[in-house]
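Participant: Structure, please.
(2 chains)
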Amino acid sequence: AQSVTQLGSHVSVSEGALVLLRCNYSSSVPPYLFWYVQYPNQGLQLLLKYTSAATLVKGINGFEAEFKKSETSFHLTKPSAHMSDAAEYFCAVTETHGSSNTGKLIFGQGTTLQVKP
Amino acid sequence: KAGVTQTPRYLIKTRGQQVTLSCSPISGHRSVSWYQQTPGQGLQFLFEYFSETQRNKGNFPGRFSGRQFSNSRSEMNVSTLELGDSALYLCASSGGTGTGELFFGEGSRLTVL
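Facilitator: The predicted structure is shown next:
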């Protein structure tokens, strides 16, 4: 069975500093991995996705993530934080049975990013 | 292309009542999923529908039900509401790319008093 662990429920950075949000996954098959962002009182917006092409994935708003199979990680980074990046971030993996997707995403518990001026 | 639309955005109910939430997927998407989001439990999968058939179901009591219509619009119903049902209910649609990518609506925030 697939699972996702996000290390750190809260991360605080200064504006202009590096953002690093950690995600580790468990999957018995090559995974499809996602990062979503949620602003207050809104739904989830896709930041980026890994679908077995390039291991370094670039997303919207300057975010990127690197798939590392040996470490079962998919950490999200951004070189320079903006105040507008303050939000909750979710890492997710597609659930599979055998080689088929079930149509369900398994989410981590989320990481709240605070950006200090 | 219009995104996923959920109605209503906010609603308040009392214990014992029932509620119906509606979701219109992105045009052309045939899969609709529902998730419950609470501060304590995070994002929990409720169910997924594809072409009017429930394909997958999460671990929720029978009070939670859903359906999908021929135009892919979906509804979920919660009967005999409990205080613990207060949550943000998120609908998501998928275009069947095979990657499992979901496109979410803005959610329906249910408060049970």
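Participant: Any idea how far stretch B:28-37 is from the middle of the chain?
Facilitator: On the basis of CA atoms, centre = their mean, to the nearest Å, stretch B:28-37 sits 6 Å off its chain's mean C-alpha point.
Participant: Is the helix or strand bottoming out on mean pLDDT in chain A positioned near chain B?
Facilitator: Ranked by mean pLDDT, DSSP states H and E, the weakest helix or strand in chain A is strand A:100-107, scoring a mean of 85. Yes: using CB under 8 Å from any CB of the partner chain, we find that strand A:100-107 touches chain B at A:101, A:102, A:103, A:104, A:105, A:106, A:107. C-beta: built from backbone N, CA, C; applies to glycine.
Participant: Neighbours of the last one, how many?
Facilitator: Yep, that's residue A:107 we're talking about. Around residue A:107 there are 21 other residues, counting by other CB atoms under 10 Å in any protein chain shown.
Participant: My guess is it contacts residue B:42. True?
Facilitator: Yes: counting by CB atoms under 8 Å, residue A:107 touches residue B:42, with 6.4 Å between them.
Participant: List the pairing partners of the strand or helix carrying residue B:93 within its sheet, with orientation.
Facilitator: Here residue B:93 sits within strand B:87-94, counting by DSSP states H and E. In the sheet, strand B:87-94 lines up against strand B:31-38 (antiparallel), strand B:103-104 (antiparallel), strand B:108-112 (antiparallel) (DSSP bridges).
Participant: Tabulate the ones you listed (a markdown table), appending mean neighbour count, mean pLDDT and distance to residue A:71.
Facilitator: Converted to a markdown table, these look like this (neighbours: other CB atoms under 10 Å in any protein chain shown; pLDDT from 0 to 100; distance: least, CB to CB, whole Å):
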| stretch | mean neighbour count | mean pLDDT | distance to residue A:71 |
| --- | --- | --- | --- |
| strand B:31-38 | 23 | 96 | 28 |
| strand B:103-104 | 20 | 95 | 28 |
| strand B:108-112 | 18 | 97 | 37 |
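Participant: Looking at these, which is nearest to residue B:15?
Facilitator: Within those, the stretch nearest residue B:15 is strand B:108-112; the backing value is 6.1 Å (CB to CB).
Participant: Can you tell me which of the residues of strand A:100-107 next to chain B lies closest to residue A:25?
Facilitator: Nearest to residue A:25, judged by CB to CB, of the residues of strand A:100-107 next to chain B is residue A:106 at 8.6 Å.
Participant: Most neighbours among the residues of strand A:100-107 next to chain B, which one?
Facilitator: Counting neighbours by other CB under 10 Å, residue A:105 leads those with 28 neighbours.
Participant: ok, back up a step: angle of the least confident helix or strand of chain A against strand B:87-94?
Facilitator: Angle of strand A:100-107 versus strand B:87-94, following axes from the mean of the first three to the mean of the last three CA atoms, to 10 degrees, is 150 degrees.
Participant: residues in chain B within reach of chain A, list them.
Facilitator: When proximity is defined as CB under 8 Å from any CB, chain B approaches chain A at B:4, B:6, B:31, B:33, B:42-43, B:45, B:48, B:50, B:55-56, B:58, B:90, B:92, B:94, B:98-107, B:109.
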